[in-house]
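# Please work out how this folds:
(one chain, ligands or ions: 1)
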Amino acid sequence: MGHRPGRDDRISTHCGLVARAFGADGIIYTFDDPKMREKLLDVVERFGGPFEVVMGADWRSVIKDWVRRGGEVIHLTMYGVPLPEIIDEIRRSKRDKLVVIGAEKVPGEVYRLATYNVSVTNQPHSEVAALAVFLDWLFEGREFYREFKGARLKIVPNPRGKTVINIRR
Ligand code: SAM
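Here you go, the predicted model:
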């Protein structure tokens, strides 16, 4: 939610990269930036997916529709319930999950609409870090072994250098 053009360009792009790498199915932005969408889809094209990028969404309708369709909303905020205290309940629930993060101050309504308000420590930090830690706890590290479909490039872990396989399609 939110984006200050120029100032937030890198961090908002990183939210998308982290969402994809750590196991989310897609990202919905509340602003529109065709260049950022192109950059993210270029990573999907090279390193695989599936990963959807939606831009220019209205946050209130996205959250309300998500809940109406039976999903749950996890708002990451330093004021929420500590992640270790709530993650088992969130993991047990098989409902589709929408994770909400903000670029700047998030309206109070989001706290009321969210199914869970979850903190990743009660200290102020970053939406990128909060998203990465939340997804890692949700997937319990399985994101390390996720296979991405349709990848053109695949990295083979190498303790000393770079090994990249170019898959011809
Ligand atoms: N002052 C803003 C507020 O009150 O929401 C902080 C914005 S912070 C720079 C950007 C986003 O990072 C927040 O909207 C939240 O999603 C996330 N965030 C920052 N610290 C967090 C924490 N300790 N736990 C969970 N999320 C956090």
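# And the nearest residue to Thr115 once chain neighbours are set aside, its phi and psi?
The shortest distance from Thr115 to any non-neighbouring residue, by CB to CB, 6 or more residues apart in numbering, is to Glu72 (4.0 Å). Using the backbone N, CA and C atoms, a C-beta is placed for each residue, glycine as well. In terms of degrees, to the nearest 10, the main-chain angles of Glu72 are phi -120, psi 160.
# Dig out what Glu72 forms beta bridges with.
For Glu72, the beta-bridge partners are Lys97 (DSSP bridges).
# Return the distance of it relative to the ligand.
Glu72 sits 16 Å away from the ligand, going by CB to the nearest ligand atom, to the nearest Å.
# Tell me who's in contact with that residue.
Under the criterion of CB atoms under 8 Å, 6 or more residues apart in numbering, the contact partners of Glu72 comprise Trp66, Ile90, Ser93, Arg95, Asp96, Lys97, Leu98, Thr115, Tyr116.
# which one of those residues is nearest the ligand?
Tyr116 (11.4 Å; CB to the nearest ligand atom).
# Thr77 - that's part of a strand, no?
Yes: counting by DSSP: H, G, I helix; E, B strand; the rest coil, Thr77 is found in a strand.
# Report pLDDT for it.
For Thr77, the pLDDT comes out at 98.
# Next: Arg169.
We note a pLDDT of 66 for Arg169 in this prediction.
# Number of residues surrounding Phe22?
Look at Phe22: counted by other CB atoms under 10 Å, it has 18 neighbours.
# got it, and Gly161?
By other CB under 10 Å, neighbour count at Gly161 equals 5.
# quick one: contacts of stretch 160-168?
Ala151, Arg152, Leu153, Lys154, Ile155, Val156, Pro157.
# can you tell me which two in these are farthest apart?
Taking CB to CB as the measure, these reach their widest spread between Arg152 and Pro157, a distance of 18.3 Å.
# These two: which is more packed in?
The neighbour comparison of Arg152 against Pro157 (other CB under 10 Å) goes to Arg152, with 13 against 5.
# so what's the more buried one up against?
Glu45, Arg46, Phe47, Gly48, Asn166, Ile167, Arg169.
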